[in-house]
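# build me a model:
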Amino acid sequence: MTEIAHPRRVLAVSLAESSQTLSRLIERLTGTAPSPAPSLAGVTHLLPLRTPYYAAAVPVWLDLVPAGAPAAAAWAAAFLSVEAAEVLRALGALVVVFALPGGPDTRELVAQVGTLLRDGLGGSAWDGVGLAVGVEVGAVVDGVDGDKVLDQWEDVCAAWGLEFVHVAGGGDRAGAVADGQRRNEFGERVGVARVLEALQANDWSGGGGGAGEDVGLDGPDDDEFGDLVAGTSAPGGRAHAPVPPSQRTRASGDGDDDTEDGAFAFAFDPPGLDFALDGGDVAGLRKAIWDGGQAQADGEDGLDDGGPGEEEEEEEEEEVQKLGRMMQKLQAVRDLTAGMPDEQRRRLAKRAVGEVMRDMS
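Presented below is the predicted three-dimensional model:
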């Protein structure tokens, strides 16, 4: 099992008037309640994640936005500024939390979170998780009218590139784990268990900082993020240590990275990774991986000295780490879908394959 020393972050945001809703959800996810000092805005809370493939204590940045369209727009603009680029590079998940049934201010916040996802993180090309979590508060959302509300929110969130997750009120993390046994009509987990599942399936190793770097923001309190929330100073992130070899995946067989077909050819035959995939999916994966590696190998053929230069070595290392992250994502999805109906496993597997092929292109 890989211990991820410097994982990417989660940015969890809600309206200021829903701070208790955000706090309770974080408590259900992590098992401990965040301590506002004096507000949740700028607080960092750790989310312990553990799967058969990795373990990480993921920092969750909490933020609050005042009600109203101008405040939501200003919040998004701050994160889209040049000064916030390093903060965005450290993100692995973006989560907006709101109380159901919601209203115009909630819709505006969701829209601005979606704008940040699209314009700041790359939208569907981003290798992170975007969630919109609607939590029941007070009156239960149920019956025909309740179903209509949930369907509307699912459509709104999907339009902004966010997965909508409906969470019933009350409960704790133990209840959330037990809740993981429940499925919707498509065989998918629901509620807090679905939020945990989506986060567990993500790749938390550092990304976006170049070859061999695990990029994030230093400091136990993540002061740079707190400054951004307060609007006082620009974030100044620094690179962490290189990703350890245990997180990297290379072609093997005789232990030599080079093959007669090029120095960057990959083998894609890990046992069990073809879960719920048909032959076309597996072939498409192999082709995407091969094309990426072959393009790199072709680019090295024209070197005058017959050997790879520093820039080529960095590019190769970056591709190696990219493949490792994609493999980890597939393995995590395979593990998390164990026990699901075959049709649902195939649907989620195809989604994962599509993401991997897009990221490898």
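# rest of the way, CA atoms for contacts and neighbours
OK.
# I figured residue 91 hits residue 7, correct?
No - at 9.1 Å, residue 91 and residue 7 do not qualify as touching, with contact defined as CA atoms under 8 Å.
# those two: which is more packed in?
A direct count of neighbours by other CA atoms under 10 Å for residue 91 and residue 7 places residue 91 higher, at 27 against 24.
# can you find the helix or strand of the chain with the lowest average pLDDT?
Least confident helix or strand, the chain: strand 238-239 with a mean of 27, by mean pLDDT, DSSP states H and E.
# can you list the residues that contact stretch 72-80?
65-66, 84-85, 87-88, 108-109, 112-113, 115-116, 119-120, 228, 231 (CA atoms under 8 Å, 6 or more residues apart in numbering).
# kindly recompute the last result at 10 Å.
Residues outside stretch 72-80 that contact it (CA atoms under 10 Å, 6 or more residues apart in numbering): 15, 63-66, 69, 71, 84-88, 105-106, 108-117, 119-121, 225, 228-229, 231.
# longest strand in the protein, by residue count?
The longest strand of the chain (DSSP state E) is strand 54-65.
# need the CA coordinates for it. CSV is fine.
Listed next in CSV are the C-alpha coordinates belonging to strand 54-65 (Å, rounded to 0.1, in the frame of the first residue of the first chain):
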residue,chain,number,x,y,z
TYR,A,54,-3.1,3.9,-0.9
ALA,A,55,-3.5,5.7,2.4
ALA,A,56,-3.7,9.5,2.8
ALA,A,57,-4.7,12.2,5.2
VAL,A,58,-6.3,14.6,2.8
PRO,A,59,-6.5,18.2,3.9
VAL,A,60,-10.0,19.7,3.4
TRP,A,61,-10.1,23.4,3.0
LEU,A,62,-13.3,24.9,4.2
ASP,A,63,-14.7,28.1,2.8
LEU,A,64,-17.9,30.2,3.3
VAL,A,65,-19.5,32.6,0.8
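# please name the nearest non-neighbouring residue to residue 71.
Nearest non-adjacent residue to residue 71, counting by CA to CA, 6 or more residues apart in numbering: residue 65, 6.7 Å away.
# burial of the one you found, as a residue count?
For residue 65, the count of nearby residues is 21 (other CA under 10 Å).
# can you give me the strands for the stretch 1-150 of the chain?
2-3, 9-15, 44-50, 54-65, 91-100, 129-136 (DSSP state E, counting those that start in this stretch).
# hmm, back to that, which helices and strands sit right next to the longest strand of the chain?
Packing partners of strand 54-65 (3 or more CA pairs under 10 Å, 6 or more residues apart in numbering; DSSP states H and E): strand 2-3, strand 9-15, helix 19-30, strand 44-50, helix 69-79, strand 91-100, helix 191-200, helix 223-230.
# could you redo the last one with a cut-off of 6 Å?
Secondary-structure packing of strand 54-65 (3 or more CA pairs under 6 Å, 6 or more residues apart in numbering; DSSP states H and E): strand 2-3, strand 9-15, strand 44-50.
# winner for burial among those strands?
strand 9-15 (a mean of 25; mean count of other CA atoms under 10 Å).
# need the mean per-residue confidence for it.
Averaged over strand 9-15, pLDDT sits at 96.
# narrow the contacts of stretch 72-80 to those that are buried.
Burial by neighbour count, 16 or more other CA atoms under 10 Å: within the contacts of stretch 72-80 this picks out 15, 63-66, 69, 71, 84-88, 105-106, 108-117, 120-121, 225, 228-229.
# mind listing the strands the longest strand of the chain pairs with, and their directions?
If you go by DSSP bridges, strand 54-65 pairs up with strand 2-3 (parallel), strand 9-15 (parallel), strand 44-50 (antiparallel).
# for residue 324, which of those is the nearest?
Closest to residue 324 of those is strand 2-3 (CA to CA; 12.0 Å).
# what sits up against the closest one?
For strand 2-3, contacts defined as CA atoms under 6 Å, 6 or more residues apart in numbering pick out 54, 55.
# that one - what's its average pLDDT?
89.
# distance check, the nearest residue to residue 35 once chain neighbours are set aside against residue 189.
In this structure, residue 35 finds its nearest non-sequential neighbour in residue 43, 7.8 Å apart by CA to CA, 6+ apart. Separation of residue 43 from residue 189 (CA to CA, to the nearest Å): 29 Å.
# out of the strands paired with strand 54-65, the one nearest residue 167 is which?
strand 9-15 (14.8 Å).
# using PDB, list the CA coordinates for the closest one.
Extracted C-alpha coordinates of strand 9-15, given in PDB (Å, rounded to 0.1, in the frame of the first residue of the first chain):
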ATOM      1  CA  ARG A   9      -6.500  19.100  -1.300                       C
ATOM      2  CA  VAL A  10     -10.300  19.200  -1.200                       C
ATOM      3  CA  LEU A  11     -11.900  22.600  -1.400                       C
ATOM      4  CA  ALA A  12     -15.300  22.400   0.300                       C
ATOM      5  CA  VAL A  13     -17.500  25.500   0.100                       C
ATOM      6  CA  SER A  14     -21.000  26.500   1.200                       C
ATOM      7  CA  LEU A  15     -23.000  29.600   1.800                       C
END
